[in-house]
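Engineer: take a look and give me a structure for this.
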Amino acid sequence: MSDLSLENPREERYDFRAIEQKWQARWKEADLYKVETDPAKPKFYGLEMFPYPSGAGISVGHCRNYVPMDVACRLKAMQGFRVLHPMGWDSFGQPAENEAIKQKRNPSEMVPEYAANYKRQLNLVGMAYDWSREINTSLPDYYKWTQWIFLKLHERGLATRSFSTVNWDPVDKTVLSNDEVVNGRGWRSNALIEKKLMPQWYLKITDYAQRLLDDLDKIKWPDYVKALQANWIGRSEGAEVSFPVYGADSTISVFTTRPDTLWGATFMVLAPEHPLVAPLTTPEQEAAIKEYVERAQRMTEIDRQSTERTKTGVFTGAYANNPVNGKPIPIWIADYVLMGYGTGAIMAVPAHDQRDFEFSRKYEIPVVLVYKTSENQTEAEMTEALPTGGVMTFFPPETGQTSPTCPFTGEPNNKETVKKVILWIEKNSIGRGIVNYRLRDWLISRQRYWGCPIPIIHCE
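Structural biologist: Numbers count the residues shown, from 1 in each chain. Model prediction:
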């Protein structure tokens with residue numbers, strides 16, 4: 001066996017500390033990463049998400065995020081580009097406030113200390129940043145421009161204030177995001193979360209829903225990312241239909257992408273937060289409804305929409321009128337219906353929607369087939385919903401009528417039939433065709449101390 005030390009007698013080792021300190025000092029002295037001013041050179045702008053400066057300092061995870069852009073910027077510089085590669089601190093918001101609460105200090109004292117430590121560590125790593133352009137989002141000389149943008153949006157009606165139901169932590173006395181609610185409790189205080197109606201500020205991104213969708217074709221993003229964005233915007237074509245409530249001077253509006261299945265709507269479901277729940281609930285059902293609503297309010301929207309959960313609900317005791325045939329249908333509440341999508345109410349068609357089918361079987365609600373795959377098909381033999389296929393069945397005249405309640409007998413289960421039905425319900429003043437988006441306006445107020453002050457004063 002050979003002695004490797006004798007074959008390679010060189011004992012010099014790479015002294016990374018000395019090398020790095022030497023060249024980092026030279027880079028700083030030469031202002032190497034400051035943007036060049038030569039207008040003849042092409043420009044390259046490299047920007048990563050600014051970090052939240054915390055007491056822990058940077059980690060390997062930070063490096064995984066920042067090193068690739070650093071490499072790209074260095075490459076562009078060697079290729080003759082004028083490179084702008086800035087860095088700053090996303091120092092307003094919840095992470096800084098939570099750290100301040102933990103340390104029992106004011107965040108205005110802590111943020112500069114933590115930012116200075118981050119800067120020191122990033123320089124140790126050797127990142128090529130133009131520090132002359134360093135920003136800090138919690139300093140007035142930065143957030144005054146955030147406020148300026150807000151005021152411009154407000155002038156144009158794009159920043160609006162309205163009441164919204166929020167997750168309220170009674171111990172921390174603050175609003176929590178859905179992600180901060182775990183099993184109905186605050187992630188930090190472990191207190192049971194309360195739903196409170198509070199004034200909130202919104203940015204009206206819904207005004208740009210279609211443009212956001214159309215302009216996805218103009219950006220060079222991977223197809224799967226574009227698909228995620230399109231699903232987030234969630235464009236749906238359908239109809240808004242009004243259901244009169246028996247014994248009340250009110251109607252329930254629902255959005256549906258399947259107005260062609262109106263003849264199979266055998267019940268309605270309201271979100272527990274729907275404003276009509278309380279006035280429509282009969283005295284006999286008040287206790288059950290109250291208990292169910294309180295339980296639903298402690299759940300997150302993700303939990304409520306889980307396909308793995310058994311669907312639950314409570315009958316309000318009230319009935320609505322199915323506008324296409326005049327039949328009374330019961331009005332239920334269920335936590336799988338969300339106030340934030342559509343109108344917060346759905347018409348339930350168990351024959352052609354699996355979720356509605358499971359609900360109807362559990363609570364013994366009738367099932368009515370609108371489309372059949374064979375003439376002899378019956379509801380009793382169904383083991384699951386029939387969302388596609390079949391042709392529209394015959395619906396005989398109701399008592400006192402001379403013509404069938406549905407003029408679309410024999411029509412196939414497809415989009416063309418849906419379009420025909422929308423025209424028919426508009427002609428008969430039952431509803432109207434509309435486009436709905438899953439996208440919601442951006443809620444920007446959180447009732448937290450450490451955040452950009454909204455530049456509005458309420459004098460009343």
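Engineer: quick check: which element contains residue 200?
Structural biologist: Using DSSP states H and E, residue 200 maps to strand 194-203.
Engineer: so how far is that strand off the chain centroid?
Structural biologist: Chain-centre distance of strand 194-203: 16 Å, with CA atoms, centre = their mean, to the nearest Å.
Engineer: helix or strand right after that strand?
Structural biologist: helix 209-214.
Engineer: off-centre distance for that next one?
Structural biologist: 16 Å.
Engineer: report all helices and strands that that helix contacts.
Structural biologist: Here helix 209-214 touches helix 223-233, strand 235-244, strand 431-437, going by 3 or more CB pairs under 8 Å, 6 or more residues apart in numbering; DSSP states H and E. From N, CA and C alone the C-beta is placed, and that goes for glycine too.
Engineer: which stretches in the stretch 1-150 of the chain count as helices?
Structural biologist: Remark: helices assigned in the stretch 1-150 of the chain by DSSP state H, counting those that start in this stretch are 4-7, 16-30, 60-78, 94-103, 107-125, 140-155.
Engineer: cool, the stretch 301-450 of the chain as well?
Structural biologist: Counting by DSSP H, counting those that start in this stretch, the helices of the stretch 301-450 of the chain are 301-304, 354-363, 415-427.
Engineer: can you say which of those helices is nearest to residue 458?
Structural biologist: helix 301-304 (29.7 Å; CB to CB).
Engineer: what does the closest one rub up against?
Structural biologist: 178, 296, 309, 335-336, 338, 340 (CB atoms under 8 Å, 6 or more residues apart in numbering).
Engineer: run the last query once more with 6 Å
Structural biologist: 178, 335-336, 338 (CB atoms under 6 Å, 6 or more residues apart in numbering).
Engineer: for the stretch 1-150 of the chain, give me the ranges with low pLDDT.
Structural biologist: Within the stretch 1-150 of the chain, the stretches with pLDDT under 70 are 1-11.
Engineer: show me this structure divided up by domain.
Structural biologist: Here the domain assignment for the chain is 12-138, 146-204, 233-437, based on automatic domain parsing.
Engineer: what's the end-to-end length of the second one?
Structural biologist: Right, domain 146-204. 16 Å (CA to CA, to the nearest Å).
Engineer: any idea how far that domain is from the middle of the chain?
Structural biologist: Offset of domain 146-204 from its chain centre (CA atoms, centre = their mean): 14 Å.
Engineer: possible to save the helices of the stretch 301-450 of the chain as a markdown table with mean pLDDT and mean neighbour count?
Structural biologist: Formatted as a markdown table, those follow (pLDDT from 0 to 100; neighbours: other CB atoms under 10 Å):
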| stretch | mean pLDDT | mean neighbour count |
| --- | --- | --- |
| helix 301-304 | 79 | 14 |
| helix 354-363 | 94 | 18 |
| helix 415-427 | 96 | 16 |
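Engineer: now distance to residue 143 too, for these, in CSV please.
Structural biologist: Below are the helices of the stretch 301-450 of the chain laid out as CSV (distance: least, CB to CB, whole Å):
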stretch, distance to residue 143
helix 301-304, 30
helix 354-363, 45
helix 415-427, 48
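Engineer: residue 450: which of these is closest?
Structural biologist: helix 301-304 (26.2 Å).
Engineer: how near is residue 123 to residue 224?
Structural biologist: For residue 123, the distance to residue 224 equals 36 Å [CB to CB, to the nearest Å].
Engineer: what is the burial count for residue 449?
Structural biologist: Using other CB atoms under 10 Å, residue 449 is surrounded by 11 other residues.
Engineer: ugh, typo on my part, it should be residue 314
Structural biologist: 22.
Engineer: that one against residue 288, yeah?
Structural biologist: Yes. Contact criterion CB atoms under 6 Å: residue 314 and residue 288 qualify, at 5.0 Å.
Engineer: which residues are common contacts for the two?
Structural biologist: Counting by CB under 6 Å, 6+ apart, nothing touches both residue 314 and residue 288.
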